[in-house]
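Chemist: Predicted structure and sequence below. I'll ask about it afterward.
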Amino acid sequence: MIHVEDFGLVLLGKTCRLCLGCETLVVHQANLEQLIRVAAGHGARQKYVVLGTVDRRVWRRGLKGRVAPAEMTQHMADVKTYLRVEFTPAGWYPKPETAGSLGLEPAAEHVPAPRGSTRVR
């Protein structure tokens, strides 16, 4: 369930990746924003807040207009924490002091993961 500014509530029915270890849903922001633009009918980028996930059976009934918003929120799992994950693909990047003279943004400092570490924290 997503609240879109100047529109209201949107139920997308989007499936996302789930990390079972940390119970985190993962969604690509660009994909989500494209779906919101289509659902809300606006061409411009909208401000939105992801409120939570809704039970699939209740979501299906909501598509037919047979669920009140109060019942929808009773069957919703709220989002507890919002995370933004960014990464820099592997490759060669100019040093920060020379990047500016080339008209490029300096690359973020690379900090290697500890040896034997396989879990992101």
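Modeler: Here it is on my side, so go on.

Chemist: CA only for contacts and neighbour counts going forward, please
Modeler: Will do.

Chemist: Quick one: the helices in the protein, in order.
Modeler: 29-40, 56-63, 69-74, 96-99 (DSSP state H).

Chemist: Of all the ones you listed, which one is nearest residue 8?
Modeler: Residue 8 lies closest, by Cα to Cα, to one member of these: helix 29-40, at 8.5 Å.

Chemist: Okay, buried residues for that closest one please.
Modeler: Using 16 or more other Cα atoms under 10 Å as the test for burial, helix 29-40 gives 36, 40.

Chemist: neighbours of residue 51, just the number please.
Modeler: By the criterion of other Cα atoms under 10 Å, residue 51 has 16 neighbours.

Chemist: Just give me the neighbour total for residue 84.
Modeler: 7.

Chemist: Identify whichever of the helices of the chain lies nearest to residue 4.
Modeler: Residue 4 lies closest to helix 29-40 among the helices of the chain, at 7.7 Å (Cα to Cα).

Chemist: What is the closest one packed up against?
Modeler: strand 8-10 (3 or more Cα pairs under 8 Å, 6 or more residues apart in numbering; DSSP states H and E).

Chemist: ok, the strand it packs on: who's next to it in the sheet?
Modeler: Paired with strand 8-10 in the same sheet, following DSSP bridges, are strand 2-4 (antiparallel).

Chemist: Quick one: distance of the partner strand to the chain centre.
Modeler: 13 Å (Cα atoms, centre = their mean, to the nearest Å).

Chemist: what's next to it, contact-wise?
Modeler: 9, 10, 11, 36, 40, 46, 47, 48, 49, 50, 51, 52 (Cα atoms under 8 Å, 6 or more residues apart in numbering).

Chemist: would you list the helices of the chain in a markdown table and tack on mean pLDDT and distance to residue 2?
Modeler: Shown next, in a markdown table, are these (pLDDT from 0 to 100; distance: least, Cα to Cα, whole Å):
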| stretch | mean pLDDT | distance to residue 2 |
| --- | --- | --- |
| helix 29-40 | 87 | 9 |
| helix 56-63 | 84 | 13 |
| helix 69-74 | 83 | 11 |
| helix 96-99 | 62 | 39 |
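
Chemist: Include distance to residue 82 when you put these into CSV, please.
Modeler: As requested, the helices of the chain are exported to CSV (distance: least, Cα to Cα, whole Å):
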stretch, distance to residue 82
helix 29-40, 12
helix 56-63, 22
helix 69-74, 19
helix 96-99, 30
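
Chemist: I am finished for the moment; much appreciated.
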